[in-house]
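S.K.: My questions are about this predicted structure, shown below with the sequence.
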Amino acid sequence: MIKKETVAMLLAGGQGSRLGILTKSIAKPAVLYGGKYRIIDFSLSNCINSGIDTVGVLTQYQPLKLNSHIGIGKPWDMDRMNGGVTILSPYVREEAGEWFKGTADAVYQNIHYLDKYSPSYVVILSGDHIYKMDYSIMLDFHKKNKADATISVIRVPMEEAGRYGIMNAHENGRIYEFEEKPQQPKSDLASMGIYIFNWNTLREYLIKDSSNKDSDHDFGKNIIPDMLADGLGMWAYKFGGYWKDVGTIQAYWESNMDLIKRIPDFNLYDPTWKTYTPNPIKPAHYIGPNGSVKKSIVAEGCVIHGYVLNSVIFPGVYVGAGAVIEDSIIMSDSHIGEGTLIKQCIVGEDAIIDKTAKLGFGENIPNELKPAIYYSGITVVGQGAHVPESAVIGRNSVIAPGAQPEEFCSQHVPSGKSILKGGECE
Amino acid sequence: MSSVMGIILTGGKNPNMKELVALRTSAAIPVGGKYRAIDFVLSNMVNSGITNVGVITQYSFRSLMDHLGSGKEWDLDRRNEGLFIFPPSLSSDDTGFYRGSADAMYKNLTFLRRSNEEYVLIAQGNCIYKMNFQGMLDEHIDKNADITIAYRVMDDFLPEEMSSLGVIDLDADGRIADFQEKPLHPKTRNGSMGIYLIKRSVLISLLEECSAHGNYDFVKDVLIKKINELNIHGYKFDGYWRNLSCIKTYYKCNMELLDPEIRKQVFIENGKVYTKVKDEAPAKYNEEAEVRNSVVADGCIIEGDVENSVLFRGVVIKRGAVIRNSIIMQGSMVSENVLLENVILDKEVNITPGKSLKGDTNWPVVVGKKVVV
């Protein structure tokens, strides 16, 4: 194998349980985002745009969609003779096989993958975030400081700092303390979960950590504090751009809505920093004679005869005449019938909303089954669900993936109520 | 269709396409928001199961080569067979220039000889249609034909458009009794679609014979001359079909692709249409956007008023701009308060604020590539 200076390890095993039914059958990095992408596309595109062509993608939770999405890495130009993208799934070893116990364990179990390239530096990334970042600039910073580890940080509002891993650093950027979700944060520099390590150093610490029975085998909880305790050169690299952890339904919806502003905070139209994804093989979209689209993004293959406002429409969506879609996210190949009204909804892939149905209207009552997930007023229709004609569905409601019209106990699903698979209604 | 190989002819010079073919062959002309003309025949071949395709090209083929690349998008980047591109090959004793369609194939006889398929399907690179060639092969075998020519009743063609086609007359059994090439006075409404199916061994010997007599043209020197000698059969096709032979047809065809029925037939049913991908973000509509009956490709940013138009990838329409019945190709910029009506903008055209351009439905204004107005 030809030696690679830098190899990236992309942690894509996140379940994303706060995304509710959006991650019922796929891992969080595979969730659709921004009218054509999946969340992992941003990290993968960052890699190739930063000149990193060797990426190990660590999967664990529901990997099928992710595996088929990444394939051999063609869309990211990572189908290489040497290097490229490699999916690293948990495996069985001679004595016993096991799942990845934590982020550090996931990398530890794939030491042989990294050794194959004997890199000088390893970039640890997570496939959960929406951002554009040139890792090569961070690497230059790492080299300049002769650091052992560099951690990318972003300023967060002081009152929210308690939700993050906070890096306390000297003026020059050198980290002297790390606090995970501190009660009394001393700084507003939150770790973005992006690390650069000297591979030899990290390798040592991973091996040491693996035999520690009390460890969570987590970068944030174990490896970073261990390195700090040993007085290693650890530096905070300040990142100033758009960075969103779309971990909740509300954050996911908001981040999608960020894209439709006149001058979006996150620019998908930059020719020097493209985001790559497998392209759907569909014709350019068509807006009908009575259709109207405003303040929205619309992907290929859509046919729009209705009104679309403040929304994100994925490829292959059909919107019937007289339908009104507002403040919503409609995922690939969904069919929105004539005269439907949809407000503040997330409609999953291949869903069918029959004509004159009304979704997302009513009082803002949190979901009764899962109030911690569905509380902000957004109604979610699962992948492949079929909402019957003239149904009326409230806010914070959930229609289970694949639910069929006969599984609706009533045409009227009030706010906070759900339709479950198998005809159970609560 | 593993018994059939494909040859796509991208044609000679075509002055009727004006500025649009100044820099590219008509097979590479952008159509329908994101395609180039050759995508349709190439996708038809791939969807019919043909995996060995040669593209013969002569004039301004840079953009065609760039578009086709290794044939990846059509799944033709194969270890064996796949996509082959044959531009003229200059040699010491011969200029290598293709003097006609038969000469072009004759000069690439090695490709025909090295292939293993029993049949060859020859088609043109500048036609817009969706067709599965299996039915044509079945009929070819069934009728024991030597050559089968696909034709269509050109009811939706104007008389002057007929004279850009080969016009055929058939007997009761479907055998072609007469073939007029680009006639001034067409005898029938049956137009040849320029799609020919023939046994590979028969094609090789016909090309050798044609060349030995010093002839170059496949239609005039092979088809027409052999009309009595060989069983040349007509295969009738009923779907949508246009050949981009002049600006007027090109304009009309793009406007017809706005029709949901035609779109369904050409893009959705019986297989997909493949093209080179560009990795653009989805199109963005800002608050002022008013878009009706139009096709919009990825990467567009729209703030103006657009009706009955085709916007290719990465087009920017600024506030106050009004676009009617127009075709705007990739990367063009239409500034504030511009009025465009019956206009074709080639790629990367820049229309500066306040300008107004108006053509006629039958005579659209064409603005060449990279022009600043």
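M.R.: Right, received. Where do you want to start? Numbering: from 1, shown residues only, chains lettered A, B, ... in the order given.
S.K.: Report the contact partners of B:Gly32.
M.R.: Going by C-beta atoms under 8 Å, 6 or more residues apart in numbering or on different chains, B:Gly32 touches A:Pro283, A:Ala284, B:Ile128, B:Asn254, B:Leu257, B:Val266, B:Phe267, B:Val295, B:Val310. (Glycine included, C-beta is placed from N, CA and C.)
S.K.: Then A:Gln184?
M.R.: For A:Gln184, no residue meets the contact criterion (C-beta under 8 Å, 6+ apart).
S.K.: looking at chain B, which helix or strand is least sure?
M.R.: In chain B, the helix or strand scored least confidently by mean pLDDT, DSSP states H and E is helix B:159-162, which has a mean of 82.
S.K.: Return the set of buried residues in the following helix or strand past that one.
M.R.: Scanning forward in sequence from helix B:159-162, with DSSP states H and E defining helices and strands, the next element found is strand B:166-170. For strand B:166-170, a neighbour-count test (16 or more other C-beta atoms under 10 Å in any protein chain shown) marks B:Gly166, B:Val167, B:Ile168, B:Leu170 as buried.
S.K.: Over to stretch B:136-152?
M.R.: B:136-137, B:139-140, B:143, B:145-152.
S.K.: Next: stretch B:63-81.
M.R.: For stretch B:63-81, by 16+ other C-beta under 10 Å, it's B:Ser63, B:Leu64, B:His67, B:Leu68, B:Gly71, B:Glu73, B:Trp74, B:Leu76, B:Glu81.
S.K.: can I assume B:Ile50 sits in a helix?
M.R.: No - judged by DSSP: H, G, I helix; E, B strand; the rest coil, B:Ile50 forms no part of a helix; its state is coil.
S.K.: And for it, the neighbour number?
M.R.: 23 (other C-beta atoms under 10 Å in any protein chain shown).
S.K.: Over to A:Tyr276?
M.R.: Other residues lying near A:Tyr276 total 20 when counted by other C-beta under 10 Å.
S.K.: Now do A:Lys274 against chain B, distance only.
M.R.: A:Lys274 sits 5 Å away from chain B when distances are taken as C-beta to the nearest C-beta, to the nearest Å.
S.K.: Check A:Met133 too.
M.R.: On the measure of C-beta to the nearest C-beta, A:Met133 and chain B end up 18 Å apart.
S.K.: Find the nearest non-adjacent residue to that residue, please.
M.R.: A:Asn46 (5.4 Å; C-beta to C-beta, 6 or more residues apart in numbering or on different chains).
S.K.: my guess is the one you found meets A:Lys132, correct?
M.R.: Yes - under the criterion of C-beta atoms under 8 Å, A:Asn46 lies in contact with A:Lys132, with a separation of 6.4 Å.
S.K.: Mind checking which of the buried residues of stretch B:63-81 are in helices?
M.R.: Applying DSSP state H to the buried residues of stretch B:63-81, the entries found in helices are B:Ser63, B:Leu64, B:His67, B:Leu68.
S.K.: least confident pick among the residues you listed?
M.R.: Checking pLDDT across these, the minimum falls on B:Ser63 at 85.
S.K.: In strands, which of the buried residues of stretch B:136-152 fall?
M.R.: When the buried residues of stretch B:136-152 are checked against strands using DSSP state E, the ones located there are B:Ile147, B:Thr148, B:Ile149, B:Ala150, B:Tyr151, B:Arg152.
S.K.: which residues pair with the first one across the strands?
M.R.: Residues in a beta bridge with B:Ile147, per DSSP bridges, are B:Ile198, B:Ile232.
S.K.: is it true that it touches B:Leu197?
M.R.: Yes - at 7.0 Å, B:Ile147 counts as touching B:Leu197 under the criterion of C-beta under 8 Å.
S.K.: List the contacts of B:Glu208.
M.R.: Contact partners of B:Glu208, counting by C-beta under 8 Å, 6+ apart, are B:Tyr106, B:Leu109.
S.K.: where along the stretch 201-350 of chain B do the helices fall?
M.R.: Secondary structure of the stretch 201-350 of chain B (DSSP state H, counting those that start in this stretch): helices at B:218, B:247-256, B:260-263.
S.K.: got any ranges where the chain has weak pLDDT?
M.R.: Went with chain A since none was named. Along chain A, the parts satisfying pLDDT under 70 run over A:1, A:94-97, A:422-426.
S.K.: that's the other chain; I wanted chain B
M.R.: Screening chain B residue by residue with the criterion pLDDT under 70, one finds the ranges B:12-15, B:17-18, B:22-23, B:92-94.
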